[in-house]
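K.L.:
sequence and predicted structure, then a few things I'm wondering about:
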Amino acid sequence: MNSTANRLRRWSRNVHRELSFFFSGMLLIYAVSGLVMNHRDTINPNYSVEQRRYVVGEPLPARDRLTRDDVVRLLAPLDEADNYTKHYFPESDVLKVFLKGGSSLTVRLSDGEAFYEKLTRRPVLGAMTRLHYNPGRWWTWFSDLFAVGLVAIVASGLLLLKGPKGLRGRGGMELAAGIAVPLLFLIFF
């Protein structure tokens, strides 16, 4: 029996080591993007948002005389003239300009007060968080393999240590606590 247990431990150690190395990159990607997604109210994972208030230096024509060319001229100091898509008036005195890529400019015509919001894509972080939303069939296969790999890592890790630090000792208590925390959260929150 002792040799069987030793073979099982040796096999568990090898499985645990190899799968841990293979899936560690994915664990890091999910951990970082998961942290960002948990704090979406303070960190936008897809876009960096730059906001700027200023006053337009030139006098603005009245709403009924404002042309597309006038609006494009307002965008020139922001280097956004080529990104104009459309504009409208959400209020009688307020001009809202939409730009390619999601950026926008809001201008109060009476006093020229402007609010510019520039959105810039976060290519790495945005791509990492996209993986949480299952971007395609190929990803389903890999994420299923990842889930099975995590189960194998856990199962092999539980068999690595014996005695008071193993599953029948401190390790077992830590395992029970690790299961209890999410269950208590689900029950009470």
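P.N.:
Perfect, I can see it now. Numbers count the residues shown, from 1 in each chain.
K.L.:
so what are the domain limits for the chain?
P.N.:
For the chain, automatic domain parsing gives the domain ranges 2-43+126-188, 47-121.
K.L.:
Serialize the ones you listed to CSV and add fields for mean neighbour count and mean pLDDT.
P.N.:
For glycine as for every other residue, the C-beta is placed from the backbone atoms N, C-alpha and C. Converted to CSV, the domains of the chain look like this (neighbours: other Cβ atoms under 10 Å; pLDDT from 0 to 100):
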stretch, mean neighbour count, mean pLDDT
domain 2-43+126-188, 13, 91
domain 47-121, 14, 93
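K.L.:
phi, psi for E58 please.
P.N.:
As for E58, its main-chain torsions (degrees, to the nearest 10) stand at phi -100, psi 150.
K.L.:
can you name every helix or strand that the biggest helix by length in the chain contacts?
P.N.:
When every helix of the chain is counted residue by residue (DSSP state H), the longest turns out to be helix 2-38. Under the contact criterion of 3 or more Cβ pairs under 8 Å, 6 or more residues apart in numbering; DSSP states H and E, helix 2-38 touches helix 123-130, helix 137-158.
K.L.:
reformat those as TSV; add distance to P77.
P.N.:
Listed next are the helices and strands packed on helix 2-38 as TSV, based on distance: least, Cβ to Cβ, whole Å:
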stretch	distance to P77
helix 123-130	27
helix 137-158	43
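K.L.:
A31: which of the ones you listed is closest?
P.N.:
Evaluated with Cβ to Cβ, the helices and strands packed on helix 2-38 place helix 123-130 nearest to A31, the distance being 9.9 Å.
K.L.:
what sits up against that closest one?
P.N.:
The set of residues that contact helix 123-130 without belonging to it, under Cβ atoms under 8 Å, 6 or more residues apart in numbering, is 29, 32-33, 36-37, 45-47.
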